[in-house]
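*Asks:* Build me a model from this:
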Amino acid sequence: QVQLVESGGGLVQAGGSLRLSCAASGRTFSNSAMGWFRQAPGKEREFVASIHWIAGRTYYADSVKGRFTISRDNAKNTVYLQMNSLKPEDTAVYYCAATRQLYSGSSYYTNDYNSWGQGTQVTVSS
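*Replies:* Numbering: from 1, shown residues only. This next block holds a predicted model:
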């Protein structure tokens, strides 16, 4: 059974940092794209960052570019999201997601992914 478990969320002041982790199990994820999305109250789930298995290519939403870094450790089946210079508008539930294996398509949309975690809350105070 495929399972994604996020951790590392919490409350932080504006300008602070957090590192989210997503531990994956149930199959190999080394040949899947992995992504982070977030959803604030009353808003749709939005793309934050993704990392592909092909050459480790990374992609970021404009709103987080230069502040967030996505990385993966295939040996540990874990993907990370390092978040620096956090802003109150980064407050949301953050979700980890995985595509099917050998996926080579887009990674910007929720429909690109077929496995999701339960989410971890990130709250940034001003």
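*Asks:* OK, contacts around the spatially closest residue to residue 18 that is not a sequence neighbour?
*Replies:* Spatial nearest neighbour of residue 18, excluding adjacent residues (CB to CB, 6 or more residues apart in numbering): residue 83 at 5.0 Å. The way it works is simple: take the backbone N, C-alpha and C, and place the C-beta from them, glycine included. Neighbour list for residue 83: 17-20, 64, 67-68, 90, 122 [criterion: CB atoms under 8 Å, 6 or more residues apart in numbering].
*Asks:* next one: residue 78
*Replies:* Residue 78 makes contact with 21-24, 72, according to CB under 8 Å, 6+ apart.
*Asks:* do you know how far the residue sitting nearest the centre point of the chain is from residue 73?
*Replies:* Most central in the chain under CA atoms, centre = their mean is residue 36, positioned 2.0 Å from the mean C-alpha point. The gap separating residue 36 from residue 73 is 15 Å, by CB to CB, to the nearest Å.
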